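Enquirer: Give me coordinates for this.
(2 chains)
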Amino acid sequence: MRIKIEKSPDKDIDYVKLYALNLNKNPRLFVQQKKFIESQIKSSRELFKKRFGRGKEFKINAREYLRNIGIL
Amino acid sequence: MEKGYYTENSAIIINRELTELDLFLKDFLEVLKKHSDYLVVSGFVSISTGRTRGTEDIDILVPLSDEIKFKELFEDLINNGFWCYQSDRYKEAYTYIKNYDNIRFAKIDEMYPNIEFVPIDESRKAKYFEFTHPQKIKIKDFEFKIPPIEFEILYKELILRGEKDIADARHLRYFFSDIIDKNKLIKYEKIIENELK
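Expert: Coordinates of the predicted model:
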């Protein structure tokens, strides 16, 4: 799916406008968004399972990590 | 011609398939709604309407409850496959809630996405205003409540103001340009400005 560009975007924020306007006219662009979101979730799930293990072990390791990054 | 969204009986219907992120929120709300009212706010409002960016959490405003009601909710969430970052014990989690500190829930053996559970009451005026003026939004069979679009735009532009928030607001302004009510923007700006005083 290609986005129709009438004027080339200048700054990053201009791409947000361009995408929002095109998405409004063409919901097929949502397919790309779904792929992007699900790819992030899948990567995160695999990364943290490898790093923290499962069950009780996962929670112990996850909380230690959260304390280290200042969330807990 | 197909459009990205349409409105039906005052609900905004987004014309797309459900994502895994939607299903995560849906699972959480199915438990939460048995115990409490809620409002989904912030980044997920933009993401659920098409803003393409990564996210780690979904913010949900929840009215402050007493400890007994919180215990029932907490235990129901645990029994339905969620874990709380802060504690496995409801009493300890409640010490955060009663101090208006946020807590987070994720699915068992997962870190992200997570729900950022934000306790509110009437003292948090802007948050309470959006909480009491919900907008229904629907994606396929999943309906949930968000703030008025105009309020969400202004909150991001005037209060949060980070680069990500400005981009989220810009997305909402253009995606919903057909339905944004200028009078509401003026009205809500005054409410949000009061929050800044």
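
Enquirer: Going by contacts, tell me the helices and strands next to the strand or helix carrying A:Arg45.
Expert: Using DSSP states H and E, A:Arg45 falls within helix A:30-52. In terms of contacts (3 or more C-beta pairs under 8 Å, 6 or more residues apart in numbering or on different chains; DSSP states H and E), helix A:30-52 is packed against helix A:55-68, helix B:20-32. From N, CA and C alone the C-beta is placed, and that goes for glycine too.

Enquirer: Give me the contacts around it.
Expert: Residues outside helix A:30-52 that contact it (C-beta atoms under 8 Å, 6 or more residues apart in numbering or on different chains): A:1, A:23, A:58, A:61-62, A:65, B:4, B:15-17, B:19-21, B:24, B:47, B:50, B:52, B:54-55, B:109-113.

Enquirer: what's in contact with the top helix by length along chain B?
Expert: Looking across chain B with DSSP state H, the single longest helix is helix B:182-196. If you take C-beta under 8 Å, 6+ apart as the criterion, helix B:182-196 is touched by B:Lys125, B:Ala126, B:Phe129, B:Pro148, B:Glu150, B:Phe151, B:Ile153, B:Leu154, B:Tyr155, B:Leu158, B:Ile159.

Enquirer: Quickly note the distance from the spatially most central residue of chain B to A:Val31.
Expert: Centroid-nearest residue in chain B: B:Val40, 1.6 Å away (criterion: C-alpha atoms, centre = their mean). Separation of B:Val40 from A:Val31 (C-beta to C-beta, to the nearest Å): 23 Å.

Enquirer: where along chain B do the helices fall?
Expert: Secondary structure of chain B by DSSP H: the helices cover B:20-32, B:43-48, B:67-79, B:90-98, B:125-131, B:149-154, B:163-175, B:182-196.

Enquirer: returning to what we had before: quick one: the longest helix of chain B to helix B:163-175, angle?
Expert: Here helix B:182-196 runs at an angle of 160 degrees relative to helix B:163-175 (axes from the mean of the first three to the mean of the last three C-alpha atoms, to 10 degrees).

Enquirer: Can you mark which positions in helix B:182-196 are buried?
Expert: Under the neighbour-count criterion of 16 or more other C-beta atoms under 10 Å in any protein chain shown, helix B:182-196 has B:Lys184, B:Leu185, B:Tyr188, B:Ile191, B:Ile192 buried.

Enquirer: Just give the number of residues close to B:Gly4.
Expert: Neighbours of B:Gly4 under the rule other C-beta atoms under 10 Å in any protein chain shown: 23.

Enquirer: thinking it is in contact with B:Ile14, fair?
Expert: Yes - if you go by C-beta atoms under 8 Å, B:Gly4 and B:Ile14 touch, sitting 7.1 Å apart.

Enquirer: Need the residues touching each of these two.
Expert: Counting by C-beta under 8 Å, 6+ apart, the residues touching both B:Gly4 and B:Ile14 are B:Thr49, B:Gly50.

Enquirer: How about B:Asp76: what's its closest non-neighbour residue?
Expert: B:Val31 (5.1 Å; C-beta to C-beta, 6 or more residues apart in numbering or on different chains).
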